[in-house]
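Visitor: could you look at this predicted model? Sequence included:
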Amino acid sequence: MALASPVDYAGTFTSSQKHHSFVMPGCNGLRCSTIGFGNKSRAAGHLVVRAMSMDRPKLDFSNSNWKDQFQEDFDRRFSLPHLTDIIDVESRPTTFSLKSRAPLENVTGSSEESWNGYVNDDDRALLKVIKFASPTSAGADCIDPDCSWVEQWVHRAGPRKQIYFEPQCVKAGIVTCGGLCPGLNDVIRQIVLTLEKYGVKNIVGIQHGFRGFFEDHLAEVPLNRHVVQNINLAGGSFLGVSRGGASISDIVDSIQARRLDMLFVLGGNGTHAGADAIHDECRKRKLKVSIIGVPKTIDNDILLMDKTFGFDTAVEAAQRAINSAYIEAHSAFHGIGLVKLMGRSSGFITMHASLSSGQVDICLVPEVPFTLDGPNGVLRHLEHLIETKGFALMCVAEGAGQEYLQRSNATDASGNMVLGDIGAHLQQKIKSHFREINVHSDVKYIDPTYMLRAVRANASDAILCTVLGQNAVHGAFAGFSGITTGICNTHNVYLPIPEVIKTPRLVDPNSRMWHRCLTSTGQPDFC
Ligand SMILES: Nc1ncnc2c1ncn2[C@@H]1O[C@H](COP(=O)(O)OP(=O)(O)O)[C@@H](O)[C@H]1O
Ligand SMILES: O=P(O)(O)OC[C@H]1O[C@](O)(COP(=O)(O)O)[C@@H](O)[C@@H]1O
Ligand SMILES: [Mg+2]
């Protein structure tokens, strides 16, 4: 079977690499988002998947070599850009040592040689760890119709024995972009501490995201161990954040003028697109500058990673709002608690916060379509909950149900779509519905928005930030650029930026986690 053009495979067949939408006939023709490998369509009870990869070679699964072809392409895509790809640069023994009495510059002795504190350049971690027996297994993520096992190895993060910069001569910059996220200060702090451990003396913060590169009144902030010592005790960003204002060529001019050798860019998918463009421009100009991303987003919408820092904290912060809504709804006569949580295109916060709370009856996320009216709609189910339990609790992601709202086509300074307020819309719909059917209801709407992300990182996020901040510095000294660092299957890895921002990472409606959420809420299919 040669794949000269898109080819249909029977079965449920997903890959987290591609996001697309399809029309579900049972859902009033609503556009339904999902994660998949190409175009999907649902027909007569079975799912047909159309494999149409734009950035992958067309694989002929009848050819016994298809795995080699796949792996060759995978290795190419996941190889890490290195400074030596474009310029001649010599490495030197690292100055990073955890052995305080033996600076490695002078080390040739056998005991140091055998110390296993460094990561070998050839160390790899597995990106996928489940062998699915069938494309119909829950959450199956298969390459071929037989779900063959194909090893997908990515580069392990951590300090290398050889480094590509003279630490005493390095000037390193740190910038935080996009919206706030718990843990930004923890990452800034760890980057500074680790740079100092290598021997870097010149570390600066760029204020208010990419704007700090070209707005004259935003001066560089000198950073050192003393300046950052306590910044992790508060939320926000010590350096300030901003959206918009990215002219790549101006930024690279500014990097050159400031004589930066390393730039650590903390941000989400938009920021990473910017960081990758900066890396490309530096390569074009043959600059010896290492651009390293650290993924920041409470939405958890970066591909391939177990989670991004700040996400856990946001889920935890959401519990106060959900619990208050629960108390209000439970105490009122026919109370309906409604909580709207952040999540522009991904419903992870809403799904996890609902699961964590255990009290939520209805969880609505952008990835799973729902109808409001009709016998299978959300409103009918609310009636049922009021009849049977006497109250109900709903949790909705801000990006859910946008098709019910007037589109403004407005965008924020970064080009992100400005969303309609699904929470306010649901509140009105629920009120008028119960009025129409002559049943009393008492709707309490809570929108905790910025309270989720202005808090300081919780303990588990603080550890994640520590690991990511340190690995970002190790990646720069190892000579990589255009990479980001994350946690995959509990292992810490480096990934080329383009691979993690191809699309936003989405809740997979076929995943076990979404199924668990449905089990916990007991909600029906609202289509
Ligand atoms: N495709 C892109 N190319 C270059 N820069 C971008 C791109 N998208 C966003 N940016 C810049 O990245 C910064 C942060 O983007 P934004 O979408 O607001 O937040 P996040 O990084 O959290 O997704 C902004 O300064 C924005 O101008
Ligand atoms: O009001 P702001 O600052 O634009 O932020 C709102 C957005 O920030 C987020 O929490 C995270 O977005 P980013 O990852 O792009 O910062 C979204 O869920 C939300 O839509
Ligand atoms: Mg974003």
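Guide: Received, thanks. Ligands and ions are numbered 1, 2, ... in the order given.
Visitor: quick check: what element follows the longest helix seen in the chain along the chain?
Guide: Longest helix in the chain by number of residues, with DSSP state H as the criterion: helix 311-331. Remark: after helix 311-331, the chain's next helix or strand is strand 335-341, criterion DSSP states H and E.
Visitor: need the CA coordinates for that next one. CSV is fine.
Guide: Provided in CSV are the C-alpha atoms of strand 335-341 (Å, rounded to 0.1, in the frame of the first residue of the first chain):
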residue,chain,number,x,y,z
GLY,A,335,-28.1,26.0,43.5
ILE,A,336,-26.0,25.8,40.4
GLY,A,337,-22.3,26.6,40.8
LEU,A,338,-20.4,27.6,37.7
VAL,A,339,-16.6,28.1,37.5
LYS,A,340,-14.8,29.3,34.5
LEU,A,341,-11.0,28.5,34.3
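Visitor: which element follows it toward the C-terminus?
Guide: helix 348-357.
Visitor: so which other helices or strands are in contact with that following helix?
Guide: Under the contact definition 3 or more C-beta pairs under 8 Å, 6 or more residues apart in numbering; DSSP states H and E, helix 348-357 sits against helix 311-331, strand 335-341, strand 362-364, strand 392-397, helix 512-521. Just so you know, the C-beta spots here come from the backbone N, C-alpha and C atoms, and that holds for glycine as well.
Visitor: tell me which of these is the most buried.
Guide: Sort the helices and strands packed on helix 348-357 by mean neighbour count, taking mean count of other C-beta atoms under 10 Å, and strand 392-397 sits at the top with a mean of 29.
Visitor: give the next helix or strand downstream of that one.
Guide: Next in sequence after strand 392-397, counting helices and strands by DSSP H and E, comes helix 422-436.
Visitor: can you give me the helices in the stretch 201-350 of the chain?
Guide: Secondary structure of the stretch 201-350 of the chain (DSSP state H, counting those that start in this stretch): helices at 225-228, 248-258, 269-284, 311-331, 348-357.
Visitor: switch the ones you listed over to TSV; also include distance to ligand 3.
Guide: Below are the helices of the stretch 201-350 of the chain laid out as TSV (distance: least, C-beta to the ion, whole Å):
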stretch	distance to ligand 3
helix 225-228	25
helix 248-258	17
helix 269-284	5
helix 311-331	13
helix 348-357	13
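Visitor: quick one, which of those is nearest to ligand 2?
Guide: Among these, the nearest to ligand 2 by C-beta to the nearest ligand atom is helix 269-284 (5.8 Å).
Visitor: ok, and what's touching that closest one?
Guide: Contacts with helix 269-284, where a contact means C-beta atoms under 8 Å, 6 or more residues apart in numbering, come from 81, 85-86, 177-178, 209-210, 243, 246, 248-249, 251-252, 255, 263, 265, 267, 289, 291-293, 295-297, 301-302, 414-416, 481-482, 484, 497-498, 500-501, 504.
Visitor: which residues of the stretch 51-200 of the chain score low on pLDDT?
Guide: Under the criterion pLDDT under 70, the flagged ranges of the stretch 51-200 of the chain are 51-57, 100-113.
Visitor: near ligand 1, which residues of it? Just list them.
Guide: 177-179 (C-beta under 6 Å from any ligand atom).
Visitor: then the chain?
Guide: Within the chain, the positions near ligand 1 by C-beta under 6 Å from any ligand atom are 177-179, 209-210, 243-246, 267-271, 273-274, 277, 297, 414-416.
Visitor: would you pull up the residue in the stretch 301-450 of the chain closest to ligand 3?
Guide: Residue of the stretch 301-450 of the chain nearest ligand 3, by C-beta to the ion: Asn416 (6.2 Å).
Visitor: need the pLDDT of that residue.
Guide: Asn416 carries a pLDDT score of 93 in this model.
Visitor: quick one, which of the contacts of helix 269-284 are buried?
Guide: Buried members of the contacts of helix 269-284, scored by 16 or more other C-beta atoms under 10 Å, are 81, 86, 177-178, 209-210, 243, 246, 248, 251-252, 255, 263, 265, 267, 289, 291-293, 295-297, 301-302, 414, 416, 481-482, 484, 497-498, 500-501, 504.
Visitor: among these, which are in strands?
Guide: Those of these mapping onto strands are 263, 265, 267, 291-293, 295, 484, per DSSP state E.
Visitor: now these in JSON lines, with pLDDT and distance to ligand 3?
Guide: Formatted as JSON lines, those follow (pLDDT from 0 to 100; distance: C-beta to the ion, whole Å):
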{"residue": "Leu263", "pLDDT": "98", "distance to ligand 3": "19"}
{"residue": "Val265", "pLDDT": "98", "distance to ligand 3": "13"}
{"residue": "Gly267", "pLDDT": "98", "distance to ligand 3": "8"}
{"residue": "Ile291", "pLDDT": "98", "distance to ligand 3": "18"}
{"residue": "Ile292", "pLDDT": "99", "distance to ligand 3": "18"}
{"residue": "Gly293", "pLDDT": "98", "distance to ligand 3": "13"}
{"residue": "Pro295", "pLDDT": "98", "distance to ligand 3": "10"}
{"residue": "Thr484", "pLDDT": "98", "distance to ligand 3": "14"}
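Visitor: now those in TSV, with distance to ligand 2?
Guide: Output for these, formatted as TSV (distance: C-beta to the nearest ligand atom, whole Å):
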residue	distance to ligand 2
Leu263	19
Val265	13
Gly267	7
Ile291	19
Ile292	18
Gly293	13
Pro295	9
Thr484	14
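Visitor: residues near the residue in the stretch 151-300 of the chain that ligand 2 sits nearest to, how many?
Guide: In the stretch 151-300 of the chain, the residue that lies nearest ligand 2 is Gly179 (2.9 Å; C-beta to the nearest ligand atom). Other residues near Gly179 number 23, with proximity taken as other C-beta atoms under 10 Å.
Visitor: so what's it up against?
Guide: By C-beta under 8 Å, 6+ apart, the contact list for Gly179 reads 241, 243, 268, 297-298, 453.
Visitor: next, give me the two most distant ones among those residues.
Guide: With C-beta to C-beta as the measure, no two of the contacts of Gly179 lie farther apart than Arg243 and Ile298, at 14.9 Å.
Visitor: in terms of residue numbering, what are the domains of the chain?
Guide: Domain assignment for the chain, taken from the TED database, gives 65-101+157-303+457-488, 311-454+510-521.
Visitor: so for Pro135, which of those sits nearest?
Guide: Closest to Pro135 of the domains of the chain, according to C-beta to C-beta: domain 311-454+510-521, at 10.1 Å.
Visitor: end to end, how far does that closest one reach?
Guide: Using C-alpha to C-alpha, to the nearest Å, one end of domain 311-454+510-521 lies 21 Å from the other.
Visitor: just the pLDDT for the residue nearest the centre of the chain.
Guide: Nearest residue to the geometric centre of the chain (C-alpha atoms, centre = their mean): Ile302, 2.5 Å. The score at Ile302 is 97. That number is its pLDDT.
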